[in-house]
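[1] Need coordinates for the below:
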Amino acid sequence: MAHTVRIEDNGVSYTCAPAESLLEGMQRLGRRGIPVGCRGGGCGVCKVEILEGEFSTRAMSRDHVDDDDRRHRRLLACRVYPAGDLSLRVIGKLQKSVCGATPDPRLPA
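    All right, here's what the predicted structure looks like:
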């Protein structure tokens, strides 16, 4: 049974099967919202904060997800698998460019 994933930053919702990561489900449907990096839990680009819902995880780099992140449900979308409907917000390195904010060229990156 597929679960609904909602990206609160841009209002995008998509379905994701329990056997696919949040990132895989989004990509399969051609949706935008979570930045895509290495897809293996090592780069930190797809970091999200799970606001609501149940899930399981696979191994991810401790360079990008420490114990405090885990306690606060800040994880890498490429390593999170839904166990129910989820709501999340993007907090990864490319959050601004993927979630629709247009960078001001006068400001430092």
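
[2] and the closest residue to residue 61 other than its chain neighbours, what is it in contact with?
    Closest residue to residue 61 apart from its sequence neighbours, by CB to CB, 6 or more residues apart in numbering: residue 42 at 4.8 Å. Yep, even glycine has a C-beta here, placed from its N, CA and C like the rest. Going by CB atoms under 8 Å, 6 or more residues apart in numbering, residue 42 touches 60, 61, 64.

[3] swap in residue 21?
    Residues near residue 21 by CB under 8 Å, 6+ apart: 58, 77, 78, 79, 80, 81.

[4] Reformat these as JSON lines; add distance to residue 35, pLDDT and neighbour count.
    As requested, those are exported to JSON lines (distance: CB to CB, whole Å; pLDDT from 0 to 100; neighbours: other CB atoms under 10 Å):
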{"residue": "58", "distance to residue 35": "19", "pLDDT": "93", "neighbour count": "12"}
{"residue": "77", "distance to residue 35": "9", "pLDDT": "93", "neighbour count": "30"}
{"residue": "78", "distance to residue 35": "10", "pLDDT": "93", "neighbour count": "25"}
{"residue": "79", "distance to residue 35": "14", "pLDDT": "95", "neighbour count": "22"}
{"residue": "80", "distance to residue 35": "14", "pLDDT": "96", "neighbour count": "26"}
{"residue": "81", "distance to residue 35": "19", "pLDDT": "97", "neighbour count": "18"}
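
[5] Give me the subset of these that lies in strands.
    Secondary structure from DSSP state E places 80, 81 of the contacts of residue 21 in strands.

[6] just curious, which of the contacts of residue 21 is nearest to residue 3?
    Of all these, residue 81 has the smallest distance to residue 3: 9.5 Å, by CB to CB.
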